[in-house]
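S.K.: Curious how this folds, go ahead:
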Amino acid sequence: MNKVDIERQKEIQQAEELLFAGPQALGFAKGLFQGHFVADWVMPYPRIPAAQQTELDKTLAELREFLDDKLDPVAIDRQAEIPREVIDGLGRVGVLGMTAPVEYGGRGFTQMANCKVLEEIGSRCASTSVFVNAHHSIGIRALLLFGTQDEKQKWLPKLMTGEHLGAFALTEPEAGSDAANVQMQARPSEDGSHFILNGEKRYITNAAIAHVLTVMARTPVPGSSKTAITAFLVTPDMPGFTMLEARMPKMGIRGTATGRFALRDVKVPKENILGPMGKGLKVALTVLDFGRTTFGACCTGAAKTCLRLAIEHAKTRKQFNKTLGEFHLVKKKIARVAADAYAMEAMTTITASLIDRGLEDYMVETAMLKVFTTERLWEA
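M.R.: Got it, this is the predicted structure:
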């Protein structure tokens, strides 16, 4: 193992220690891998509290009415853009701040309730569901968890309504979910009032439309030649922020503004640091795990739509004097999609409930969820 690999392993270990400080209850998925079934985490099957279920039902009814009237997924895909009126409408319904505290303009919903909302949007338009997920589940999540009161008061109210939008900027040419490999540099100014950021980020959802971005960069470790990752709040109006590619071409989810940008001697005030200095890996991993859960909900909604459309077609399309639904292979295919959608919903619900119940270690669950739901949706 070379020096670089050793340093990365130490950073990963440090992040795990930060994320799971103190005594930990054995997580459900890790327990399974160790031969333990921790029933208390999943039994009885989780349900949204009755009071919030009533509020959620009202929100879903309002959301469906809005989506029926304003959302045109075909046009979004064709034009490769989500209309501003759709974003504003989602803000009015409260979708852009579902789990944020009410004091900042959010809805204060649980992650389980949030997943139901993302499932509904995902059943209609993949681009719009990914946009919402990028804004709420990862774009503003770091600010919610690690921001100071001043930072929250400054940014969250407008982020809740959609007047401002958020993005999470981790991915680089050599770093993605491998968060420990971030190369963007942040060096302190001589007077210590700000940091100067240099580097490139790519495949950043909402990059071209975001008003504030959570950016991961490497900062010097005091008294050492080493560096550590730190999270910063960066705004696109800062001098040196250069959008290299506002909308990278994609084969799917074409409506999302997936961009590539560079920071060239961008001066970021030290007050814009999110979380402790050098602990950005904690920020990144925590945010990614939360976002994977709601991404599973997006995929679940899309899979249910695939199932509905397949059944409708199988019942109405005729070949050889039979409906397609009378052919064994078609029945088998539809049954498989139905089973997958059932499992996707169950996995999403269980994982979201673990977050709501305060389980700190849900890394394995969210990783399993993202892999399973994306692969099963592809097969649907």
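S.K.: CA only for contacts and neighbour counts going forward, please
M.R.: Noted.
S.K.: for the helix or strand hosting Lys158, which positions count as buried?
M.R.: Using DSSP states H and E, Lys158 sits in helix 149-161. Residues of helix 149-161 classed as buried by neighbour count (16 or more other Cα atoms under 10 Å): 151-152, 155-161.
S.K.: Tell me which other helices or strands that helix touches.
M.R.: Other helices and strands packing on helix 149-161, by 3 or more Cα pairs under 8 Å, 6 or more residues apart in numbering; DSSP states H and E, are helix 84-93, helix 141-146.
S.K.: Single out the most deeply packed of these.
M.R.: helix 141-146 (a mean of 21; mean count of other Cα atoms under 10 Å).
S.K.: by contact count, what packs against that helix?
M.R.: helix 149-161, strand 273-274, helix 280-316.
S.K.: is it possible to export the ones you listed to CSV including mean pLDDT and distance to Lys201?
M.R.: Formatted as CSV, the helices and strands packed on helix 141-146 follow (pLDDT from 0 to 100; distance: least, Cα to Cα, whole Å):
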stretch, mean pLDDT, distance to Lys201
helix 149-161, 94, 22
strand 273-274, 94, 18
helix 280-316, 95, 14
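S.K.: Is it possible to get JSON lines of those that adds distance to Ile138?
M.R.: Listed next are the helices and strands packed on helix 141-146 as JSON lines, based on distance: least, Cα to Cα, whole Å:
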{"stretch": "helix 149-161", "distance to Ile138": "13"}
{"stretch": "strand 273-274", "distance to Ile138": "14"}
{"stretch": "helix 280-316", "distance to Ile138": "6"}
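S.K.: Pick the most buried one from the ones you listed.
M.R.: Stretch with highest mean neighbour count among those: strand 273-274 (a mean of 25; mean count of other Cα under 10 Å).
S.K.: got a list of contacts for that strand?
M.R.: Residues outside strand 273-274 that contact it (Cα atoms under 8 Å, 6 or more residues apart in numbering): 142-143, 146-148, 230-233, 280.
S.K.: let's see 6 Å
M.R.: Under the contact criterion Cα atoms under 6 Å, 6 or more residues apart in numbering, strand 273-274 has outside partners 146-147, 231-232.
S.K.: That one pairs with which strands, and in what direction?
M.R.: Here strand 273-274 is paired, per DSSP bridges, with strand 227-234 (antiparallel).
S.K.: who does the following helix or strand past the strand it pairs with touch, helix- and strand-wise?
M.R.: Sequence order places strand 241-245 as the next helix or strand after strand 227-234, per DSSP H and E. Strand 241-245 sits against strand 258-269, with contacts defined as 3 or more Cα pairs under 6 Å, 6 or more residues apart in numbering; DSSP states H and E.
S.K.: per-residue confidence averaged over the strand it packs on?
M.R.: Per-residue pLDDT values over strand 258-269 give a mean of 98.
S.K.: Any idea which residue is closest to the centre of the protein?
M.R.: Of all residues in the chain, the one closest to the mean position by Cα atoms, centre = their mean is Gly291, 2.8 Å from it.
S.K.: Now do the SS call for the residue nearest to that residue when sequence neighbours are not counted.
M.R.: Distances taken as Cα to Cα, 6 or more residues apart in numbering put Ser137 closest to Gly291, at 4.9 Å, once the chain neighbours are dropped. Under the three-state scheme (DSSP: H, G, I helix; E, B strand; the rest coil), Ser137 adopts helix.
S.K.: Could you check how far Ser137 is from Phe290?
M.R.: Distance, Ser137 to Phe290, by Cα to Cα, to the nearest Å: 6 Å.
S.K.: How about Gly252?
M.R.: Distance from Gly252 to Phe290, counting by Cα to Cα: 23 Å.
S.K.: Chain neighbours aside, what residue packs nearest to Phe109?
M.R.: Closest residue in space to Phe109, ignoring its immediate chain neighbours: Thr99 at 4.7 Å, by Cα to Cα, 6+ apart.
S.K.: what helix or strand is the one you found on?
M.R.: Counting by DSSP H and E, Thr99 is part of no helix or strand.
S.K.: quick one on the thing from earlier: wait, which of the helices and strands packed on helix 141-146 is closest to Glu65?
M.R.: Of all the helices and strands packed on helix 141-146, helix 280-316 sits nearest to Glu65, with 16.9 Å by Cα to Cα.
S.K.: Show the low-confidence segments of this protein, by residue range.
M.R.: Along the chain, segments meeting pLDDT under 70 span 1-25, 177.
S.K.: how does it divide into domains?
M.R.: Following automatic domain parsing, the chain resolves into domains at 1-165+279-380, 167-278.
S.K.: Can you measure across the last one, start residue to end residue?
M.R.: Which is domain 167-278. Chord length of domain 167-278, first to last residue, is 21 Å (Cα to Cα).
S.K.: same check, this time on stretch 205-221
M.R.: 30 Å.
S.K.: ok, now stretch 133-148?
M.R.: So stretch 133-148: terminal residues 23 Å apart, Cα to Cα.
S.K.: what's in contact with that stretch?
M.R.: For stretch 133-148, the surrounding residues in contact (Cα under 6 Å, 6+ apart) are 96, 166-168, 274-275, 287, 291.
S.K.: Fine by me, we can end here.
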